[in-house]
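**Student:** next one to model:
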Amino acid sequence: MRKRRFWLILLVALLLFPITASADLIAGEEIITLGEDLSPSDKQKMLDEFGISENDVDIVYVTNEEEHKYLGEFIPASQIGSNAISSAKITIGNKGDGIVVETKNITYISNDMYVNALATAGIEDAKIQISAPFQVSGTGALTGIIKAYEVQSGEKIDEEQKLIANEEMVLTSDLVKDGVDEENATEFFRKVKERISEENPKSDQDIRTIIQEVAKELGITLDDQLLDKLVELFKKIKDLNIDWNKVNDTLKSAKDKWDDFVSSEEGKGIIDAIVNFFKAVWNWFISVFSK
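**Tutor:** Sure, this is the predicted structure:
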């Protein structure tokens, strides 16, 4: 069931309504963030994909320098690259709806990784469409989304909070590279945040214990180096001046929407249709090679 749930993440986004984040934001407002190094034709391709005319909305441009500023401490410069390409459309929605993410041509960062990191950055309610004209890692998209959100809301997000959100995104992807499936990796971060908000650990050892217990619960094996990095990250997250109730509500809202979809007749029908399709393909494959 876990694998089926993961591959249907994108379908869930189609069932969710647009989303808010601050009292100053109005549901339905849109803002676009574009990589500064997009060619004119690729820029137009992104605008067409987002269904937006250049004169219709505010556009925020993200530079490669900004990407390196927020990611350079956590991943190699070669992986960040020398061009800012990732782009996004942010639609403000209704209070309490949580964060919904759709991606296209993003190879390194999953939808739920973005959701977790954006919640840490203090973004509460938004439907976010992340894309690129060709396949890219997507690591720079978070920088653009946060920048656009600041412009739209008129609120400045703390620099340390931005760095920590990017570090969380990178460490989540490190878990996946170590063999943890993407859904489990994002659930791990959600659960540790939840435990920290509930228990308010007093020491590094308390945080380490929470991390180890959640990892054990989810069947995740952590080597000492990654465990140490996670302790340092969650220590910084704990010390952030953020409203833990809002973070938990944001993450819970996204999870509840998924659970409602999976248990609905429509969701079950889509799941069964996809499973039956792949069964038919497999049976055809077997029949061809058994002749």
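
**Student:** the residue nearest to G72 when sequence neighbours are not counted: what's it in contact with?
**Tutor:** Distances taken as C-beta to C-beta, 6 or more residues apart in numbering place I80 nearest to G72, at 6.8 Å, with adjacent residues excluded. For the C-beta atoms, the positions are set from N, CA and C on the backbone; glycine is no exception. Neighbouring residues of I80 by C-beta atoms under 8 Å, 6 or more residues apart in numbering: 64, 67-68, 71-72, 139-140.

**Student:** if we go to 6 Å?
**Tutor:** Going by C-beta atoms under 6 Å, 6 or more residues apart in numbering, I80 touches 67-68, 71.

**Student:** ok, L222 next?
**Tutor:** By C-beta under 6 Å, 6+ apart, the residues touching L222 are A215.

**Student:** tell me the secondary structure for it?
**Tutor:** Taking DSSP: H, G, I helix; E, B strand; the rest coil as the rule, one finds L222 in the coil state.

**Student:** and it, how far is that from N200?
**Tutor:** In this view, L222 and N200 are 22 Å apart by C-beta to C-beta, to the nearest Å.

**Student:** now swap in N184 and tell me
**Tutor:** 25 Å.

**Student:** same question for G93.
**Tutor:** Separation of G93 from N200 (C-beta to C-beta): 31 Å.

**Student:** so which of the contacts of I80 is the most crowded?
**Tutor:** Highest neighbour count within these: E67, with 27 neighbours (other C-beta atoms under 10 Å).

**Student:** secondary structure element holding I123?
**Tutor:** Under DSSP states H and E, no helix or strand contains I123.

**Student:** again with T103
**Tutor:** strand 99-106.

**Student:** contact partners for the residue nearest the centre of the chain?
**Tutor:** Nearest to the mean C-alpha position of the chain, by C-alpha atoms, centre = their mean, lies Y114 at 1.3 Å. Counting by C-beta under 6 Å, 6+ apart, Y114 touches V101.
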